[in-house]
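J.: Here is my input; please provide its structure:
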Amino acid sequence: MSTFVAEILILALLAEVSEPAQDLTLSKDASGCEVAKVAIDKLASSGVFKSHANFIYHRVAMVSEFGAKISVQGAFGIWQMKAEHLVIAKRVLAASVNFSLGIQSQLCVSFDSATNEDLKKPLFNLITAAVIIEVNQAVIPARKDIEEQAKYWNAIFEVDIEAEFEIAATLLDNNKGEEGSWCFVCQERPTDLVIILDDSTSISGDEWELEMQFVEKLLDSYQATFDDKLTQVAMISFSDDITHEMSYTSSQVKVKKYLKYDHVGGNTYVAPALNEATNIIQTDPKSRLDEVATKKMVFFITDGEASDEENVKAAADNLKRLPVSVYAIGTTDDTDLDHLRIVASDPDYARRYDDYDDFSADIPSIVYEGCQVGSVTSLPAGPDGSTMANVTKAESSVSVVIPGMKVKDVRYFELKFVLGSRAHVKLSPKKLDIVIYASFTLQFPCEASYDYKTSCKAGTDCDIFVRNPDSFLNDICKAVKEKGDSDSFTTTVEAEGPEGETETEDISMSITMKDDDPALWADYQEPIELKAEDQFKKENDTLIRVSFTEVLRSQISMCLAIIWLSSYLPI
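T.: Below is the predicted model of the structure:
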């Protein structure tokens, strides 16, 4: 009987482990900065909406103190939408099947059947606002135009929050983490930066100075990690050829000396500059290409068309094969946005401005978004030299060190994922309490929303197992798109304690990826895969997990009742 009781207790433990994943953006009356950020993250990464209004969303979220108060009569939720706004949004979607299907497939919600009660859910509230903005003919004011943004929002939604909007916007832009939207503040992380500057004749002396100002503001955002020698920068200027170059350095003296170089002039040969960036990242003695915990970023800045357009794509593709994030910025309307997207590692990383004044005014936005990008990790080939994509039973792994972590630090990693495989992420903290979140759809998984999660105390291992999520999707996503066909997932590593710990720690992390054997995943009770506290938690599998857990719990209760009764029955 004791063995049977032990088995029952094990089943009870597994039932607790198998609870569904967290997603507060779909919970009524959920509020807070982190919830707002996740909803905005979902919207921005969905690719459904062409209008980039992230900073407007941030600012309006602050007006309601992220859902803590409502200043618009009759409104609901973080973005203070009314019932009539929902009617308008649903009418728009009824007229555009593709738009509606896009929301279903990418955001996994059935917005067509939304009710006023759904407006209390942050994601539905934000989708309502985004749909109306998407079809509005007025041009969204630039981030720098706070007053115009306030008027824009008020005109579209026929509300009067202009005064609150401007106060909230100022708080957001000046926020250092102590007030306003603290969770929108980007923490500095170890980074290898490469900055590529157009030095051609079309750049005037004043415009060259503005490029130098951009570099200064960008590097200012990494000041603390520069001081600790955790961030370094390389510089390339180009025209007919490379005009100036500086290898990786953390020396402020060397950077300031570089920024005093005179403008040269010439044509705009882009390919050699991109090739040199690739060369620096791969061969510079100080390059940390193999250090997964170090973010690698390239900022490419130009004001016009490439003189060697036919060679740019090959050079850009070669650069983007490395685990780097590439921003391409056009400082005037003479630049072709499509050409910028060829250089950028993501379409959203391509930006074009009407003139240098607009570029200069938006530098804080560029710095903020660039800081938010996680480090990109590509696993090596399998043990026999084959890649994960073309060999069965292949296994590849990499061990890294996350340097200088301290309590409240958060680091993001974009991990390349091969379909049909599974990944095992393991951390071994000695001093810090760690929590790990992972998601296939979010740039910044956190407690408000995640697909997988685990946590551990100092001195113990954190393990999280991630597999392709297509078999865990809810009915809405299954009906439209196999959302699980993803080639990467984001992992958040957060040091949440212990309280009072002041020392930093270099934390060891290993990532292993191997073929996913379906038999291994067929049973929720596979012990090795349930080692982590929140294993198998998936954003869209609530009904599956709840039904499984309820059935299991009912069986456990019945068995325990039988055990209890048997103690009173004669044998």
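J.: And the pLDDT at His263?
T.: pLDDT for His263: 78.
J.: change the start of the numbering to 42 and stick with it
T.: Fine by me, first position is 42 from now on; the one you just mentioned is His304.
J.: that's a strand at it, yeah?
T.: No - counting by DSSP: H, G, I helix; E, B strand; the rest coil, one finds His304 to be coil, located in no strand.
J.: what about it, how many residues close to it?
T.: A count of nearby residues for His304, using other CB atoms under 10 Å, gives 20. Placement of C-beta: from N, CA and C, glycine included.
J.: mind checking how far the closest residue to it other than its chain neighbours is from Ser291?
T.: Leaving aside its sequence neighbours, His304 sits nearest to Trp249 (CB to CB, 6 or more residues apart in numbering; 4.2 Å). To Ser291, Trp249 is 24 Å away according to CB to CB, to the nearest Å.
J.: Now do the strands in the stretch 192-341 of the chain.
T.: In the stretch 192-341 of the chain, the strands defined using DSSP state E, counting those that start in this stretch lie at 232-239, 273-279, 283-290, 336-343.
J.: mind checking how far the third one is from the chain centre?
T.: Read it as strand 283-290. 30 Å (CA atoms, centre = their mean, to the nearest Å).
J.: Any idea which of the strands of the stretch 192-341 of the chain gets closest to Lys83?
T.: Closest approach to Lys83 among those is made by strand 336-343 (22.4 Å; CB to CB).
J.: which secondary structure elements does the closest one contact?
T.: Judged by 3 or more CB pairs under 8 Å, 6 or more residues apart in numbering; DSSP states H and E, strand 336-343 is in contact with strand 232-239, helix 246-261, helix 311-324, strand 366-371, strand 416-418.
J.: Name every strand pairing with it and say which way it goes.
T.: strand 232-239 (parallel), strand 366-371 (parallel) (DSSP bridges).
J.: which one of those strands lies closest to Ala318?
T.: That would be strand 232-239 among the strands paired with strand 336-343, by CB to CB, at 4.9 Å.
J.: Tell me what angle that closest one forms with strand 283-290.
T.: Strand 232-239 and strand 283-290 are oriented at 170 degrees to each other (axes from the mean of the first three to the mean of the last three CA atoms, to 10 degrees).
J.: what does strand 232-239 rub up against?
T.: Contacts to strand 232-239, defined as CB atoms under 8 Å, 6 or more residues apart in numbering, come from residues 252, 256, 259-260, 263, 266, 271-280, 289, 309, 314-315, 318, 321-322, 328-330, 335-345, 372.
J.: And stretch 164-172, by the same measure?
T.: 66-67, 80-81, 83-84, 90, 92, 94, 98, 101, 117-120, 122, 126-127, 129-130, 133-134, 140, 144, 148, 150, 152, 155, 159-160, 198.
J.: ok, now stretch 341-349?
T.: 236-239, 241, 243-244, 248, 252, 255, 308-315, 318, 353, 367-373, 375-377, 380, 384-385, 397.
J.: Filter these down to just the buried residues.
T.: 236-239, 241, 243-244, 248, 252, 255, 308-315, 318, 353, 367-373, 376, 380, 384-385, 397 (16 or more other CB atoms under 10 Å).
J.: In contact with the residue nearest to Leu330 when sequence neighbours are not counted, which residues?
T.: Sequence neighbours aside, Ile322 is the residue nearest to Leu330 in space, at 5.8 Å (criterion: CB to CB, 6+ apart). Residues in contact with Ile322, defined by CB under 8 Å, 6+ apart, are Asp233, Val235, Ser328, Leu330, Lys337, Val339, Leu360, Leu363, Val365.
J.: Who are the packing partners of the host helix or strand of Val439?
T.: Under the criterion of DSSP states H and E, Val439 resides in strand 436-446. Where contact means 3+ CB pairs under 8 Å, 6+ apart, strand 436-446 is packed against strand 529-538, strand 546-556.
J.: And it, what's buried?
T.: Under 16+ other CB under 10 Å, the buried positions of strand 436-446 are Ser437, Ser438, Val439, Val441, Ile443, Pro444, Gly445, Met446.
J.: between it and strand 546-556, how many degrees?
T.: 160 degrees.
J.: Neighbouring strands - and their directions - for strand 436-446?
T.: For strand 436-446, pairing defined by DSSP bridges yields strand 546-556 (antiparallel).
J.: Between strand 529-538 and the strand it pairs with, find me the angle.
T.: Going by the same axes, to 10 degrees, strand 546-556 makes 150 degrees with strand 529-538.
J.: rewinding a little: strands - which of the contacts of stretch 164-172 land there?
T.: Judged by DSSP state E, strands contain none of the contacts of stretch 164-172.
J.: List only buried entries from those.
T.: 66-67, 80-81, 83-84, 90, 94, 98, 101, 117-120, 122, 126-127, 129-130, 134, 140, 144, 148, 150, 152, 155, 159-160, 198.
J.: Mind checking which of those residues are in helices?
T.: 80-81, 83-84, 98, 101, 126-127, 129-130, 134, 140, 144, 148, 198 (DSSP state H).
J.: Let me know the closest of those to Thr482.
T.: Distances from Thr482 to these, taken by CB to CB, are shortest for Lys83, at 7.0 Å.
J.: check contacts around the closest one.
T.: Thr66, Leu148, Leu164, Thr482, Leu483, Ser490.
J.: now those as CSV including distance to Pro182 and pLDDT?
T.: Written out in CSV, the entries for those read as follows (distance: CB to CB, whole Å; pLDDT from 0 to 100):
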residue, distance to Pro182, pLDDT
Thr66, 26, 91
Leu148, 26, 85
Leu164, 25, 94
Thr482, 29, 73
Leu483, 28, 77
Ser490, 29, 83
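J.: May I see these organised as CSV, with distance to Gly108 added?
T.: Formatted as CSV, the contacts of Lys83 follow (distance: CB to CB, whole Å):
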residue, distance to Gly108
Thr66, 11
Leu148, 19
Leu164, 12
Thr482, 22
Leu483, 19
Ser490, 15
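J.: Give the burial count for the residue nearest to Asp492 when sequence neighbours are not counted, as a bare number.
T.: Using CB to CB, 6+ apart and skipping the chain neighbours, the partner closest in space to Asp492 is Ser480 (4.5 Å). When counting by other CB under 10 Å, one arrives at 28 neighbours for Ser480.
J.: partners of Ser480 in the sheet?
T.: Thr531.
J.: which stretches of the stretch 192-341 of the chain aren't confidently modelled?
T.: For the stretch 192-341 of the chain, the stretches with pLDDT under 70 are 214-229, 262, 265, 333-334.
J.: same thing but at 90, please
T.: Within the stretch 192-341 of the chain, the stretches with pLDDT under 90 are 195-197, 199-232, 239-272, 281-287, 291-310, 329-338.
J.: what do you get for the stretch 342-491 of the chain?
T.: Using pLDDT under 90, the flagged stretches of the stretch 342-491 of the chain are 342-353, 361-366, 368, 370-382, 386-469, 477-491.
J.: Dump the strands paired with strand 336-343 to TSV, plus distance to His465.
T.: Shown next, in TSV, are the strands paired with strand 336-343 (distance: least, CB to CB, whole Å):
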stretch	distance to His465
strand 232-239	26
strand 366-371	25
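J.: hang on, the earlier thing: the residue nearest to Asp492 and Pro486 touch, don't they?
T.: Yes - if you go by CB atoms under 8 Å, Ser480 and Pro486 touch, sitting 3.8 Å apart.
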